[in-house]
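Engineer: sharing a model that was predicted from the sequence below.
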2 protein chains.
Amino acid sequence: MTFSFELIGYAAATLTTVSFLPQAIMTIKTRDTESLSMGMYSLFAAGVLLWLIYGIYLDNQAIIIANAITFVLAAIILGFKIFNTLSNRYKKHEK
Amino acid sequence: MTFSFELIGYAAATLTTVSFLPQAIMTIKTRDTESLSMGMYSLFAAGVLLWLIYGIYLDNQAIIIANAITFVLAAIILGFKIFNTLSNRYKKHEK
């Protein structure tokens, strides 16, 4: 019984991580973050980081793996967003 | 020590749920699901449902609350997407 419930955790981790992948791949490929909300991604990345810390405290592998992968992807997207926002601001000052 | 780590779980639950709210509110208000991916939302909703079941198994309130709210919101969005897709298909047949 315990074994099958742990499998549910891994299935959950796989599904939510995989559902986030297309956005991450698109942003990494195109580097276009125009239509992404900085506020929303900041909250999301912070939340995923806290889930990761909480997963480490619970010593729960499914929670740790899902949130570690999602955090790296979300941090990359947020990094592009911050970079693009700052470089657009710089370009405006140049003109 | 345990108390503060449980707080991290609730903070994580709040942040990831809140970061999903703007999309949910926008879709419920406008009912526009044109730019949303059916495949991605199906995977996400299924994943969140499995996290909810897993949270019930772990008897972890932060995981249960976060995923229950997010599942309801994701299911509403997915419901609009399915309804819009089917009614567009019907309209095309009508022409």
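Structural biologist: Here it is on my side, so go on. As the structure is a computational prediction, the values presented were derived from the model and not from experiment. Numbering: from 1, shown residues only, chains lettered A, B, ... in the order given.
Engineer: for the most centrally placed residue in chain A, which residues are in contact?
Structural biologist: Geometric centre of chain A, nearest residue: A:Ala74, 2.5 Å, by C-alpha atoms, centre = their mean. A:Ala74 makes contact with A:20, A:24, A:41, A:44-45, A:48, according to C-beta atoms under 8 Å, 6 or more residues apart in numbering or on different chains. Every C-beta, even on glycine, is put in place using the N, C-alpha and C of the backbone.
Engineer: contacting chain B as well, which ones from the residues you listed?
Structural biologist: When the contacts of A:Ala74 are checked against chain B using C-beta under 8 Å from any C-beta of the partner chain, the ones in range are A:20, A:41, A:44, A:48.
Engineer: which one of the residues you listed is nearest chain B?
Structural biologist: Nearest to chain B among those: A:Phe44, at 3.8 Å, using C-beta to the nearest C-beta.
Engineer: what's the closest non-adjacent residue to that closest one?
Structural biologist: For A:Phe44, ignoring the flanking residues on the chain, the nearest one in space by C-beta to C-beta, 6 or more residues apart in numbering or on different chains is B:Ser19 at 3.8 Å.
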